[in-house]
Each structure stands twice: as structure tokens, then as C-alpha cells.
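Engineer: Structure, please.
(chains A and B)
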Amino acid sequence: MVLSGLPLAQLLMIAGGAASVTVLLYILKLRRRAVPVPFARIWDAVFRDRQATELFSKLRRLLSLLFQLALLALLIFALGDPKPRTSLLEGRHLVVLVDGSASMKAVDVKPTRIEVAKAEVKKLARGLGSADRALIVQMGALPSPLSTMSSEITELDPAIDSLTASDTRADLERGLSFAVDSLRGLPKPEVVVVSDGVLGDVAEIARRVELGNAQLKFIPIGKSGTNVAISEFSVRRYPLDKSRSEVMLEVANTNDRPAQVELSLLGDGTIIDVSRFLLGPNERLPRYYQDLAGASRTLEAKIRFADGQADDLPADDHAYALMPERHRARVLVISKGNTYLEAALLLDEYLDVTTVAPGSALPSEHFDVAILDGTADVLPETVAAALYLNPPEGGVPLKLGARLTDFGFDTWDKKSPILRFLALGDVQVANGRALVPGTGDRVLGASDQGPILVSGARSGHPFVALGFDPRGSDLVLRVAWPLFVLNAINAFVEEDTGYVSSFRTGEVWRIPVPSSIDSATVIDPHGVQHVVPVKEGRAVYLGEEAGFYKLSAGSGSFAVSSEFAANLSDLAESRITPVTELSIGRKKAQPVVIGAPGSRRELWVYLLAAVLALSVIEWVTYHRRITV
Amino acid sequence: MGFLDLFRRDTAPRAKRRERALFDDEFQRKLEMLALVSRRVFAGRLRAERRSKKKGSGLEFADHRDYVAGDDFRSVDWNVYQRFGKLLVRLYEEEEDLSIYLIVDCSSSMAFGDKKKFDQARRLCAALAYVGLANLDRVTVVGVNDAVVSRMPTTRGKGRIFKVFEFLSQLEPGGVTDLGTALKTFVAQHKRRGLAVLFSDLYDPAGFEAGINVLRFNKFEPYVVELVDPAEARPSLKGDVRIYDCETGEERELTITDGMLDKMQRAVSDYRAGIERFCAQKQVPYFPADVNTPFDELVLRVFRRGGFLR
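Structural biologist: Residues are numbered from 1 along each chain as shown, chains lettered A, B, ... in the order given. Sure thing, here's the model as predicted:
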């Protein structure tokens, strides 16, 4: 037995002082209850017996004194926080990785897997030895430590209570790496994984993570579950007819039995399509909705069993998408006349086109884009961006290089939003000029003779320059031509930002915002605001919840706001059948035995309980008038 | 108005209600019944016991004596003269009013235990006063502790009972019991001897005998009604206590046990037995009056014992 609280010398001092006070109080004359009687003389007969009873009375007072001293001794002993010597041995260090992935939202165990996991972790915390320490980590897309390495229940309990499941997958690799790093150099390390086992390719993870001397333990959660899911969901407007859109989604049955399901599609909150169909065992079924009408902004898809029953994982039964928002863009065309250009601009009814001849006075109002066809007029500040087609020497934001003949696009940036959906491989061009990109400019397309399509920005005004006259090529005869023009305009007016109809949860999202902004505010589906940084014209945010988000940035006339959607879209998380065993490499996880040797033994609690029990006995005997 | 005023406001009316309830209509009906019962039970039978020893102008023949000069001729018994030739004068009993003195112990001990003893004493006193007044006796009510604290002038006639009620209602218990001293004052104030009924718990530090003896020695006919509260014989006490006499403040420190309470009960019984024994020896009528027994029942018990009425 050792004292881990106050030292013995201090305890003895306290005991001496307190005992002295107690004894002093008992030495003082007992203040008796004063009771009136009608005739004291009659009591004289019984008063003669007082001598006989006095000794017993004194004895009882002595017993009472001893009782008080015993209580005092117990309390002071409790102050010393006595502990068995064995409990002061080196304790274990545990990192408890609690799966916070979407599959932990499954309700196959009541109320949910994550709640059961919390209960198990609480049992584990209460079963810790007095020298053991534990760190609670939520394992989502990123491992999040919720406590310090502590043995205090008062710290561990709130951490356990704050565990939640998000709409992401659990990154076991990062979790294990974090655990190994946290346990490095600590004695008796243990990694406890609390999960349903839906953790991705564990074998692959085991190759990349070395647990070292840490013991691996596993608390399996969940029984079994039936689930159907929407594993993919996206929407896009037709590039050449933005008033119409199409939806692609994929539904999956993760069970070994066929399932009759009902799929509902909601546009702007109103049902626009309901279909029922049979999904075979473990079948993934893609579905397309073409020429979709009835939705202008939001799209949602919901799936459930046809008999109305809900499955065990509601998180993947609901998917969200946003239609790209349409803006009416103002376009200034400076051209002597270009039928192909005019035809391309006619395809988008949301364009407000103003045409002027080269050299004439330019309108003073604001334009989103100016298209300079074979000219290089100086643009006023009111023009936000420019598309140069076959620019002449001088006046262009970049220099012209060598003259080119009979060339085409040998390389082009397929990821550039300006060249999206374009097939440029066999475009034939008769004549043109190579473009000399300046610092920070980006070559979007080039022939083997030099760059012919360059984008960049000058004084905050973006531009795209095409080094040849499209009429001198077969480009204008291709679908690629109007797509190129419209893509360029969309890129300039930043309408394309909404084109990502939905993000995937658990990934870092890069949401386009005006490049002049430093930070933005993201409002998640629960209405919580998050200030996020903007890097290279993209707001960076790790989203973990499915649903509709709002983004706002800038202020005053530069204020912008947009919406976007996020979905789980992870078939691996939708497969909720739990795993009962876990092995990382050669290490097979051992089950956790709660309340095993080394459990928390706080003797002071028992001492206080003894004090309480003695007090109750004293109280009862007092009221039964045994001790008074 | 302060918080304590609430209590003050409340206690006074409660005390008044209590006093009114002491002699309420029900009480008065019972008194009437007792008066009737007393007449029916004792009429004629007991009158002789109360005849005066004086010979005088009463209606009832008592004796003859020789005629002496100056006697009233009208009292000569001519029948005797005719038969025996002797002049004898007829003597009649002197009829006189009986004086009833009702002495109520007003010491603090009488108020002990929610004034039960004092209330019972006052009821009994009122009842006996009514019976006495109904028999046209002279009734005097006196309150004593260690002195005569209050005195209602001698009165007679049934209609005066309300005066008795009023007097008894105004009596307040307090002070120390010293019946010897108090009754010495009483006898000095009342030259006319008669029946003296003492209502007391007889908790007299100087000894209960002193008061009774004062009455006896001064030719009064003492009549002892001892007020008894059974709760006093076994109080609900336990543990270390400091008892003090409610009258004298005399203190004792005791550790009370069950055995001690048994002993206390025996001591009370012994004390009462001592009173009874003393009264029996001195031929003083003695009635224990339990505070829990209805007063009318007690009064009837007093009547049956006899001696109270002529």
C-alpha cells in the first residue's frame, strides 16, 4: 500500500491537529438538553441511581469519541489517496481509434453503431488501471484526437461523448500512423480499434503501416445489415443547350439478396420522377435521366425499399446535386464580321452580345468578356476579360512569335475548362502565329511549331489568345468551335464553378471563387459556419457531411456567394456488413477484456464509502436513541 | 408588521377561544344535568349530616331543655307539660347556609403539559360551584399558589354561575406552590368555616400535608381533589438531559434510560399513594382526578363519595 496523495508527514500533521480539536470538543462539557418537569422532587428518587448510570454514560461518550476519531482517520487516510503497490506499476498507454465513418451511422444495433461504440469505449475507460492512460481518437477522413493521453475519466468521458459519425470513410492508414506516432517511446503501447470493420483494403494498409511493439486490439461493432445505396450522383447542363440538363446516378444493392427499390428524384424539392426496379444481389445499376426538366437549381435522389421499409444505413439513401447556376454574361464582340463567331454566340441564350467594328468607340459600360476578332483594340477597365482570335502584332498582352503554316493542335490541356469536351487532335490550320507566353501565362494548346493557345492575366484581367484565324481552319466546321467559345466565356464569367454538381465527402474540396479573395465562409448543411482559406482562386475545405453547402466570400461589390452539394458516394462505406476480426500484417487484433486485472481501484472511494456507512449507522442509532 | 407579529396576532385569539371552549354551552348543559342528578340522588338522605350544631330558630326539632326565666313562652312544649308536668322548652336546629370554598391551585406546575390539569381543575371547580349555588349554598372561589392570588367574593344563587365562569377564566397559572402559606392567608381571610375543596396537583416543595393541615387545624372541612396527568409519570425523555423544575428552576442532570423511567413511574405512584394514605389517616376525603377523564364523570364520583352536599 502506498500513498499517492498527500505525503505521510503532512497527513500525520493534519491527523494530529484534527484529532486534538475533536478531543478538545469532547472534553468540553456536554451541553445537555434542558427539559422542564412539573415537580423535580419526584426525580430525586431516580436521581439516586445516577451514579450507577454515569459510568455507562461516560462509556458511551467515549465510544462516540472513538467513533468520531475513526471517521476522522478514514477521511485523512482518503486524503492520502492510498493505492495498492501493484497499481503503481508501469501502466498501459492506449490509443483508442474510434471509427467515425459513414457506416457507423448504421442502425442494425440500437440506437446506432457509433452510440454502441461510445458505450464500449466508456466501458474500456472505466476498466483502465490506475496507471493506464488512454487517448481517444475519432477516425474519419482524418484522425482527430479528442482528448489528451489521460487516465482521468473526467477528461475521457467528454471526449467519448463528442464522438460522431460523419459521411466519410475512415482512413485507417492515417489513424494507425497517428496512433503509432502518439505511442512512440511510451511503455506498454496498445492500439484499440473500435469499428465495424468497414475500413477499406486493410491488407494494403498493413503494408504501409508498421505497428512496432504496439499491441493491436479490436472491438467489433455491429451485427449485420441490409442496405441499398446511391453510390454516384451527378448532373450537368448540356454544354450547347444550358436550359436542359441530364442526370447520372448509380444505385447499388450491397446485400446478397435481390431488393425491390424505389428511387425518387426531386428537383427544387419537388418530386419529378419516381421509379421502381429490382436490384440483384450486390448489383450496381447506373441510371441516366436525359433532357431533364423541372429542376432549375437543386436535385436530390432518394432510395428506399419498395415496401417502404428503411434500410440500416440512411446516410447513403439520399444524394444531393446542384445545377450550374446561370448568369447572363455581357459579351463585347469587336469584329469586322464573323459568321462562325456569331453563330457560336447564338447557341447560348444567356449571352448578351454587343458587336462593334474595330477602331470605333467602345461602349463605356461593363462587359464580362470582349472577343477581339483579328484586332487588338485597347480595352477599357470596364471589360473584365478578353478572348483574342488571331491577334495582330502589338496591343496584344503577349508577343507573337514565328509565322506558322499548315499546323494543328499537337498537344492541348485536356483538363483546362476551356478545352473541356473538345477533340482537337485533327484540326487543320492553314496559317497562324506562334504565341510567346509571358511569366505566369499558361499554354493551353500548341503545335509542334509553337504555342497557339495561351491563357493568362494582365492587371487582374484574364485573357485567352488563339494564334490563328479560325476561319482559316476547319475548326469552325466542328462542334469544338462553339464549345471553345462558350467554354472560354464560361471560364471568364466563372460560371463554371457550379459545374461540379456535387463533391465527395471526406475529400479536400477546392471550390472556385474569385481569385482576388483571401478567405471564404462555408456554411455546412447543419448551418455551422466555417471560415476557409482561398488558395489559387479556390476555397479549400475538407467536407465531412453530405448535403447542400453555401459559400460566401468577399464583401461589398466584390461579394460572391454560391452553393454546392456533397455526397457520400462511397460504395465501400455502403457495404455495412461488419467484420469481426482485424489483422494488420501479421498482427491479429486481440479482443479487449474490460475490467480485467489492472482495473481502476481507487481506495479513497471505499474509504469515503466507509465514512458514509458509519455516518448512517450513527444517524440510525441516534434516532433510535441508542447512542444518545 | 414583522414576522413574529403573525404569531403574536394568532396566539391571543387562540387563547380566548380556548377559554371560551372551557365553559361552552355543552359544559353548561352538563352542569344542569349534574345539578338535577345531585338533587335526585342526595335529596333528604344527606341533609342531616350537614345540620348545624347550633340550636336556634330552625324548623326541625332538635331537643328539649328546662325552661328558665326569660325564655320565649312560645317555645314551651305544652304537650310535655301536660304529660309530665315539667316546663321544657323545645329546641330547634339552627339552619345556616353552608359555606363552600373552592380553592384552585394556580401554580406553574398546574399549567404543565398544555394546561390540562389547570383546565380540568377549573371545570371541576365550576361544576361543584354550580351544584353548590343551585343548593343555595354560599360559594367562594379562591386561586392560590404561594399566596392567595385571586378571590371571588362569596356568592349564592344559581344565576351567579356566570360570575364564577368569568372568575375562573381570568385565572392564570404561575408562581411557586406553597399551599401551607397560601392557605394560612386563606383561613385568616375567611372566618366562616365550611367545606374547603382544594383542587391541586399537590406538587408542593414544602410538602402537600402542610396545606391540608392548615385547613384541618382551622376547623374547615378539607376536601382534596388531586389533578393527575398520567403523562407526567412517564415522560418521553431519553439520553443526557438537564431537567429543571418548572416552578422553582431546580436542576438535575440525568442520563435517562428506560429503567430510570420505570423508576420514575414508581416514584410518582408512591407520591400519590402517600397523599391518599395521609388523607385516609386524617379522614380527609380525597379524589384523584385524571385529566383524561370527563369532568362530569369525576363530579358524579365526588357526589357518590358523599359529604359534599348537605
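Engineer: Residues of the stretch 151-300 of chain B that sit close to chain A?
Structural biologist: Selection of the stretch 151-300 of chain B residues close to chain A by C-beta under 8 Å from any C-beta of the partner chain yields B:201, B:203, B:205, B:229, B:232, B:235, B:237-248, B:250-255, B:257, B:259-260, B:263-264, B:266-268, B:270-271. C-beta here means a position set from N, CA and C on the backbone, and glycine is covered the same way.
Engineer: Now the buried members of the residues you listed.
Structural biologist: By neighbour count, with 16 or more other C-beta atoms under 10 Å in any protein chain shown, these hold B:201, B:203, B:205, B:229, B:232, B:235, B:237-241, B:243-247, B:250, B:252, B:254-255, B:257, B:260, B:263-264, B:267-268, B:271 as buried.
Engineer: on that earlier part again, point out the ones among the residues of the stretch 151-300 of chain B next to chain A that are inside strands.
Structural biologist: Among those, the members found in strands (DSSP state E) are B:239-245, B:251-255.
Engineer: which of these sit farthest apart?
Structural biologist: B:239 and B:245 (19.7 Å; C-beta to C-beta).
Engineer: Can I get stretch B:257-267 in CSV? Just the C-alpha atoms.
Structural biologist: Provided in CSV are the C-alpha atoms of stretch B:257-267 (Å, rounded to 0.1, in the frame of the first residue of the first chain):
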residue,chain,number,x,y,z
THR,B,257,-32.9,5.3,30.4
ASP,B,258,-35.9,3.0,30.2
GLY,B,259,-35.1,1.7,33.7
MET,B,260,-34.9,5.1,35.0
LEU,B,261,-38.3,5.9,33.6
ASP,B,262,-39.8,2.8,35.2
LYS,B,263,-38.4,4.1,38.5
MET,B,264,-39.8,7.5,37.9
GLN,B,265,-43.2,5.9,37.3
ARG,B,266,-42.9,4.1,40.6
ALA,B,267,-41.9,7.3,42.3
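Engineer: Run the chain-centre distance for that stretch.
Structural biologist: Put simply, stretch B:257-267 sits 31 Å off its chain's centre (C-alpha atoms, centre = their mean, to the nearest Å).
Engineer: what does it rub up against?
Structural biologist: Under the contact criterion C-beta atoms under 8 Å, 6 or more residues apart in numbering or on different chains, stretch B:257-267 has outside partners A:42-43, A:45-46, A:49, A:53, B:233-235, B:237-238, B:254.
Engineer: what's the closest of those to residue A:406?
Structural biologist: Nearest member of these to residue A:406, counting by C-beta to C-beta, is residue B:238, at 124.6 Å.
Engineer: from what I can see that closest one touches residue A:35, true?
Structural biologist: No: using C-beta atoms under 8 Å as the test, residue B:238 is too far from residue A:35 to be in contact (10.4 Å).
Engineer: which stretches of the stretch 51-200 of chain B form strands?
Structural biologist: Secondary structure of the stretch 51-200 of chain B (DSSP state E, counting those that start in this stretch): strands located at B:55-66, B:88-93, B:99-105, B:138-144, B:148-155, B:195-200.
Engineer: average pLDDT for the second one?
Structural biologist: Here strand B:88-93 scores 82 as its mean pLDDT.
Engineer: Give the residue spans of the stretch 1-150 of chain B that score low on pLDDT.
Structural biologist: For the stretch 1-150 of chain B, applying pLDDT under 70 flags the ranges B:1-21, B:35-60, B:93-97.
Engineer: Contact residues of it facing chain A?
Structural biologist: Selection of the stretch 1-150 of chain B residues close to chain A by C-beta under 8 Å from any C-beta yields B:109, B:112-113.
Engineer: make it 6 Å
Structural biologist: With C-beta under 6 Å from any C-beta of the partner chain as the criterion, the stretch 1-150 of chain B comes near chain A at residues B:109, B:112.
Engineer: give the contact list for residue 288.
Structural biologist: Reading this off chain A. Residue A:288 makes contacts with residue A:248, as judged by C-beta atoms under 6 Å, 6 or more residues apart in numbering or on different chains.
Engineer: Let me rephrase: I mean chain B.
Structural biologist: Applying C-beta under 6 Å, 6+ apart to residue B:288 gives the contacts B:226, B:228.
Engineer: Now with 10 Å, please.
Structural biologist: Contact analysis of residue B:288 by C-beta atoms under 10 Å, 6 or more residues apart in numbering or on different chains lists B:224-228, B:272, B:275-276, B:298, B:301.
Engineer: repeat for residue B:30
Structural biologist: Residue B:30 is in contact with B:123, B:127, B:130, B:294-296, B:299, counting by C-beta under 10 Å, 6+ apart.
Engineer: between the contacts of residue B:288, which has the most around it?
Structural biologist: Using other C-beta atoms under 10 Å in any protein chain shown as the neighbour criterion, residue B:225 leads the contacts of residue B:288 with 27 neighbours.
Engineer: gap between that one and chain A?
Structural biologist: 17 Å (C-beta to the nearest C-beta, to the nearest Å).
Engineer: export the strands of the stretch 51-200 of chain B to CSV and tack on mean neighbour count?
Structural biologist: Below are the strands of the stretch 51-200 of chain B laid out as CSV (neighbours: other C-beta atoms under 10 Å in any protein chain shown):
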stretch, mean neighbour count
strand B:55-66, 12
strand B:88-93, 17
strand B:99-105, 27
strand B:138-144, 26
strand B:148-155, 17
strand B:195-200, 26
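Engineer: Could you point out which of those strands sits nearest residue B:22?
Structural biologist: Closest to residue B:22 of those is strand B:99-105 (C-beta to C-beta; 12.7 Å).
Engineer: now the closest one against strand B:195-200, angle please.
Structural biologist: Interaxial angle, strand B:99-105 versus strand B:195-200 (axes from the mean of the first three to the mean of the last three C-alpha atoms, to 10 degrees): 10 degrees.
Engineer: List the pairing partners of strand B:99-105 within its sheet, with orientation.
Structural biologist: Sheet pairing for strand B:99-105, assigned by DSSP bridges, gives strand B:138-144 (parallel), strand B:195-200 (parallel).
Engineer: want to try a markdown table for those strands, with distance to residue A:556 as columns?
Structural biologist: Shown next, in a markdown table, are the strands paired with strand B:99-105 (distance: least, C-beta to C-beta, whole Å):
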| stretch | distance to residue A:556 |
| --- | --- |
| strand B:138-144 | 102 |
| strand B:195-200 | 104 |
